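[1] Sequence and predicted structure are below.
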Amino acid sequence: MTIYQTAHLRIRELRPDDFEYMFRLMSDPEIMRYIRAPETDPAVVQDRMDKWAAYHAEHPKLGVFIVEMQNTAERVGYCVIRHVNFEPGKDLEIGYAIDHGFAGKGLATELAQGLADYLFAVFQPEKIVAFTDPANLASQRVLQKCGFQITGRKQVYDGESVVFELYK
C-alpha cells in the first residue's frame, strides 16, 4: 500500500517479499556506512522487520517503508518515518538509505522533502528531527536543502550524531 508519493518516488509499506532486498541493503558496508554496522545475520534483519511490522500495526501511518520509482516500481532504498527510537511520545523523525545507482540524482532530497511534507500534513507536529553521522556530509546537505537546521550534537543510537530540526 502506498503511503505517499513525490514527483518521482512512491513510498510504500514494507512487505515480507522485501526481505531479500532489505537484507542486501543492510548487509552492504557502503550503504550502512553512516547508519550502523552492516548486518551479516539474516535472522537479525528478519527480527528487525518483524519489530517494524508490529510498530507499523500500532502506528499505521509510521514505520519503515520501501522507496520505489513511480514509473517502474524499481526499489531505490528504504526510509523511516517514526517516533525517535520507535518510542511513542518522542519527536517524529525521518531517515533514509538510498541504494547504489540512485545516489547523486536528487532522489534523497526529493525523498527527505516528501517525508517532511507527509509528517507535517498528517501529524501537524511542531517540528521534525533527523540525525546524521558527523562524517555524512552528503546527507547533511540533503537535509539543509530541505530547510532542516543543525541544532547540535548528541548521542543517538550507536554513536554521536548531528541533530537537525525542521519547523513548519
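    Right, received. Where do you want to start?
[2] Which parts of the protein are helices?
    Using DSSP state H, the helices found in the chain span residues 19-26, 29-32, 42-58, 107-123, 137-145.
[3] what would those helices look like in JSON lines with distance to residue 157 and mean neighbour count?
    (Glycine included, C-beta is placed from N, CA and C.) Shown next, in JSON lines, are the helices of the chain (distance: least, Cβ to Cβ, whole Å; neighbours: other Cβ atoms under 10 Å):
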{"stretch": "helix 19-26", "distance to residue 157": "14", "mean neighbour count": "17"}
{"stretch": "helix 29-32", "distance to residue 157": "12", "mean neighbour count": "13"}
{"stretch": "helix 42-58", "distance to residue 157": "13", "mean neighbour count": "14"}
{"stretch": "helix 107-123", "distance to residue 157": "18", "mean neighbour count": "19"}
{"stretch": "helix 137-145", "distance to residue 157": "14", "mean neighbour count": "17"}
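[4] would CSV of the ones you listed with distance to residue 90 and mean pLDDT be doable?
    Converted to CSV, the helices of the chain look like this (distance: least, Cβ to Cβ, whole Å; pLDDT from 0 to 100):
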stretch, distance to residue 90, mean pLDDT
helix 19-26, 23, 98
helix 29-32, 23, 95
helix 42-58, 13, 97
helix 107-123, 13, 98
helix 137-145, 19, 97
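[5] ok, the residue lying closest to residue 63 once chain neighbours are set aside to residue 150 distance?
    In space, and not counting its chain neighbours, residue 63 is closest to residue 56: 3.4 Å by Cβ to Cβ, 6 or more residues apart in numbering. Note on residue 56: its distance to residue 150, by Cβ to Cβ, to the nearest Å, is 30 Å.
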